[in-house]
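Peer 1: I'd like to go over a predicted model; first the sequence, then the structure.
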Amino acid sequence: MSTLEQIADGIATALNTITTLRATADVPAVINPPTAFPSLAQQEFDQDFEGSRKAVWSVVILVSASDTRTAQSGLWAYLDKSGTSSVKLALEADSTLSGTVSDLTVTDSKAIQTYTIAGTDYMGAEVGFWTID
């Protein structure tokens, strides 16, 4: 069984295959958009007799809010189900995150909204998924 840190590292590695996105395994100290990082929402333990864990995650994607139209257009590309900037495709390209989990499934995306971090506004959205390890 992998640690949450190892899974988060695997998520960041998968996201870094998107050349227009800067991904980290944790919330960055300084936001340099466009950026993305995983956020753990929930864990369900002992999913089978082998003690598997189901973890529910989201990837938070942040872009500059200085030009709303450009920000929204950039987010559409990350939220799309296809294309070179698709977070869904990047995560599902290796649904084991290089052997860190036994399965990963992208489930949804959340509404585009404004995120305020350290007094700075960003446009952002989240892509939801779960892992089994």
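Peer 2: Arrived safely.

Peer 1: okay, and for this structure, where does confidence drop off?
Peer 2: Across the chain, nothing is flagged by pLDDT under 70.

Peer 1: show me where it has helices.
Peer 2: Residue ranges of the helices in the chain, as given by DSSP state H, are 4-15, 68-79, 87-92.

Peer 1: show me what contacts the residue nearest the centre of the chain?
Peer 2: Centroid-nearest residue in the chain, with Cα atoms, centre = their mean: V59, separated by 2.2 Å. By Cβ atoms under 8 Å, 6 or more residues apart in numbering, V59 lies in contact with I11, L15, A36, F37, P38, S39, V87, L91, E126, V127, F129. Any C-beta I mention is one placed from the backbone N, CA and C, and that applies to glycine too.

Peer 1: if I pick the residue nearest to the fourth one when sequence neighbours are not counted, what's in contact with it?
Peer 2: Nearest-residue entry for F37: T24, 5.0 Å, with adjacent residues in sequence omitted and distances by Cβ to Cβ, 6 or more residues apart in numbering. T24 makes contact with A12, T35, A36, F37, according to Cβ under 8 Å, 6+ apart.

Peer 1: How about T35?
Peer 2: With contact taken as Cβ under 8 Å, 6+ apart, T35 is in contact with L21, R22, A23, T24, P28, I61, L62.

Peer 1: do that again at 7 Å, thanks
Peer 2: T35 is in contact with R22, P28, L62, counting by Cβ atoms under 7 Å, 6 or more residues apart in numbering.

Peer 1: now that we're looking at the residue of the chain positioned farthest from its centre, how far away is L104 from it?
Peer 2: Residue distances from the centre of the chain (Cα atoms, centre = their mean) peak at F49, which lies 28.9 Å from the mean C-alpha position. Distance of F49 to L104, computed by Cβ to Cβ, to the nearest Å: 22 Å.
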